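K.L.:
Model the following, please.
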Amino acid sequence: MNTPTRVDVAIVGAGTAGMAAYRAARAHTESVLLIEAGPGGTTCAREGCMPSKLLIAAGDAAHAIVQAPNFGVHGGPPHVDGAAVMARVRSERDRFVGFVLDTIQSWPDAHRLTGTARLLAPGQLDVDGRRIDARAVVWATGSASHVEPAWRAALGERLITSEAVFEWTDLPASVAVLGTGTIAIELAQALHRLGVRVRVFGRSPRVGPLTDPDLQAQAVAVFSQELPLTLSPEPLQLGRDGHQAVVQGERFDWVLAATGRSPNLAGLVAPDLPRDARGHLPYDAATGQVADLPLFLAGDVSEHRPLLHEAADAGRIAGDNAARWPDVQAQTRRTPLGVVFSEPQMTLAGQSHRALTQAGKAFATGRVGFANQGRSRVMLQNVGALHVYGEPGSGRLLGAEMLGPAAEHIGHLLAWSVQRGDTVAQMLAYPYYHPVIEEGLRTALQDLQMQIKA
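P.N.:
Sure, this is the predicted structure:
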C-alpha cells in the first residue's frame, strides 16, 4: 500500500466522528488520510448504543412476562437463558460492527492507515514511527470508560467497564454497579430484569441526567422501587473475597464501573498546544477548531455532548473546516436531545432546567403527570411526569425534561419544535390523536400556555 506522507487533511480515529470528518473533507479534496489504531467499528456499534439496547430489549421481554398477570394474562414465571441472551447480544453487535468496518474498507486504500498516531506539532504526526505532514488535522479518538485507580487496586479483574459486559458468554449471578448515570441505570435495570442480583451505588442523591428538581426526585423514587440503590457521598468500602468482589460488605461476582467516560487525549503530545485555565484545549464547538490552529476536535474527545448524532455533526463540521483551513466557517449545532432507554424512559430536549436557571433566563413551566393519563394507564406505564419550559412574552418553547412512557419519541417532537422556534400556541395547533401519550404533551403545553399568560 502506497500511503502518502503529505496530505491536505489527516483524520485520527475512524469512529462515528472520524468517518463523518472523512466524508466531509473528501467533498473538498482527495488528499485525505484516515488513521485508526484499531479495532475500529465505532463506540456506538461495538460497546455503546447498540449492544446496550440489545441487552435492554432482552430485559424488557422478560419484564413483560412478569407484568402480564396485571393484564389478566398468565404464562408462568420467565426462564432466562443467559447464554442465549448474550449470544444474541454479541451476534447482533458483531453484525452492526461489520457494517461499519465494511464501509471503511470500501474507501480507497491510499486513504487509510492503521497505526497509533501522536501529534508532534500542529500539522505534524508520528504514526508508529512514520512521519505524516498534514495541512490540517482532525483529532477524533473518542473516549474510554473512566475507572478510579483505587477501585482497580482494590478489586483487580473483578472490576469491569461496560465494554466487558458485552463480551460475556453468560449472565453472572450478581453485579454491583458503580454510578447512577445513563449507562449505569440502563445496564443495571436490564441485568436486574434478566435475573441478575444487582445493587447500584451512587455518590450523589441523583439518578439519571434529569436536572429539574421535581423530576429528579421522582426518578429516585421510581427507580428505587425496582432497583436496590445505595446513594451516599461516603467513600465505598471495596475489597476481594476469593473470586468475588466485596462492596460495602456485600459480595458480587463483578463490579461494573459506570461513572462516565474520559476523552482519549494521549496522542496529543505537542508541547506548544494552548490550554485554558482548567488545562483543556480551547475548542470551538461551532467550528471544531482548537484556538487558531490547523487542529480540529470531533466527537467524544471534545467532551461536547458525547452522543452519536452529535459526534456525526461534529465530525462533519471539523472535516469540512479542516479541508477549508484557514477559511474556517462557524456552523449551527442542532438542538440538544438526550434519551435514557430505561423504564420509565428519560429525555431532555432543548434547554434543560439547569441550563435555563444557570443562564438566569426567565421561563415558565408547564406540567403533566402520567399517573392518570389515559394511554399510559392502558399500558400500565403510568408513572413520571413531563415538564415543558417556555419563554414569557414570545411564548416560544425553550426546552423540556421528561420521566415517563415513550420519552424517546416525545423528546424528538419537542427538540424539533425548539429547533424550529415553535411557540406554545403553534404546538397546540398541531393534531393530537386519541388515545395516545402525546395527549399528555398537549396537557403540559396547555398548562404552560396558562403560566405564560399569567
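
K.L.:
Every contact and neighbour count from this point should use C-alpha atoms.
P.N.:
Fine.

K.L.:
show me where the stretch 51-200 of the chain has helices.
P.N.:
In the stretch 51-200 of the chain, the segments counted as helices under DSSP state H, counting those that start in this stretch are 82-105, 149-155, 162-165, 182-193.

K.L.:
Between these, which one is closest to Asp253.
P.N.:
Nearest to Asp253 among the helices of the stretch 51-200 of the chain is helix 149-155 (10.9 Å), distances taken as Cα to Cα.

K.L.:
what's that closest one in contact with?
P.N.:
Leu159, Leu238, Gly239, Arg240, Ala245 (Cα atoms under 8 Å, 6 or more residues apart in numbering).

K.L.:
Where does the third one sit: helix, strand or coil?
P.N.:
Reduced to three states with DSSP: H, G, I helix; E, B strand; the rest coil, the structure at Gly239 is strand.

K.L.:
isn't it right next to Arg251, touching?
P.N.:
No: in this structure, Gly239 sits apart from Arg251 without contact. The criterion is Cα atoms under 8 Å, and the distance is 9.3 Å.

K.L.:
anything in contact with each of these two?
P.N.:
Ala245.

K.L.:
Could you pull up the contacting residues of Leu119?
P.N.:
Residues counted as contacts of Leu119 (Cα under 8 Å, 6+ apart) are Leu125, Asp126, Gly267, Leu268, Val269, Ala270.

K.L.:
Quick one, grab the pLDDT at it.
P.N.:
On the pLDDT scale, Leu119 is placed at 95.

K.L.:
and what of Pro274?
P.N.:
89.

K.L.:
Name the nearest residue to it, ignoring sequence neighbours.
P.N.:
In space, and not counting its chain neighbours, Pro274 is closest to Leu281: 6.2 Å by Cα to Cα, 6 or more residues apart in numbering.

K.L.:
Could you look up the SS state of the one you found?
P.N.:
Strictly by three-state DSSP, Leu281 counts as coil.

K.L.:
And for it, the neighbour number?
P.N.:
Leu281: 16 surrounding residues under other Cα atoms under 10 Å.

K.L.:
Now the contacts of helix 149-155 in CSV, please, with extra columns for pLDDT, neighbour count and distance to Trp168.
P.N.:
Output for the contacts of helix 149-155, formatted as CSV (pLDDT from 0 to 100; neighbours: other Cα atoms under 10 Å; distance: Cα to Cα, whole Å):
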residue, pLDDT, neighbour count, distance to Trp168
Leu159, 98, 22, 14
Leu238, 97, 19, 23
Gly239, 97, 21, 23
Arg240, 96, 15, 21
Ala245, 97, 24, 17
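
K.L.:
With distance to Ala258 added, can I get those residues in CSV?
P.N.:
Below are the contacts of helix 149-155 laid out as CSV (distance: Cα to Cα, whole Å):
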residue, distance to Ala258
Leu159, 11
Leu238, 16
Gly239, 18
Arg240, 19
Ala245, 16
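
K.L.:
Nearest to Leu428 among those?
P.N.:
When those are compared for distance to Leu428, the smallest value, 50.0 Å, is given by Leu159; criterion: Cα to Cα.

K.L.:
and the closest one, how far is that from Thr287?
P.N.:
Taking Cα to Cα, to the nearest Å as the measure, Leu159 falls 38 Å from Thr287.

K.L.:
Over to Asp60?
P.N.:
Separation of Asp60 from Thr287 (Cα to Cα) stands at 40 Å.

K.L.:
helices or strands next to the lengthiest strand in the chain in the packing?
P.N.:
Secondary structure assigned by DSSP state E gives strand 130-139 as the longest strand of the chain. The criterion is 3 or more Cα pairs under 8 Å, 6 or more residues apart in numbering; DSSP states H and E, and the helices and strands that strand 130-139 contacts are strand 6-12, helix 16-26, strand 124-127, strand 295-297, helix 308-324.

K.L.:
for the residue most central in space within the chain, what are its contacts?
P.N.:
The residue lying closest to the centre of the chain (Cα atoms, centre = their mean) is Leu307, at 4.4 Å. For Leu307, the contact set (Cα under 8 Å, 6+ apart) comprises Gly299, Asp300, Gly338.

K.L.:
Just to be sure, the second one is in a helix?
P.N.:
Yes: inclusion of Asp300 in a helix is indicated when three-state DSSP is applied.

K.L.:
measure it to Asp284 for me?
P.N.:
In this structure, Asp300 lies at 14 Å from Asp284, with Cα to Cα as the measure.

K.L.:
neighbour-wise, which of those two wins?
P.N.:
A direct count of neighbours by other Cα under 10 Å for Asp300 and Asp284 places Asp300 higher, at 27 against 16.

K.L.:
Next one: the more buried one, what pLDDT does it get?
P.N.:
For Asp300, pLDDT reads 93.

K.L.:
same thing with Ile104?
P.N.:
Each residue has a pLDDT score; the one for Ile104 is 94.

K.L.:
So what's the residue count around it?
P.N.:
Close neighbours of Ile104, defined as other Cα under 10 Å, add up to 19.

K.L.:
Now for Gly299: which residues touch it?
P.N.:
Contacts of Gly299 (Cα under 8 Å, 6+ apart): 16-18, 140-142, 306-308, 310-312, 314-315.
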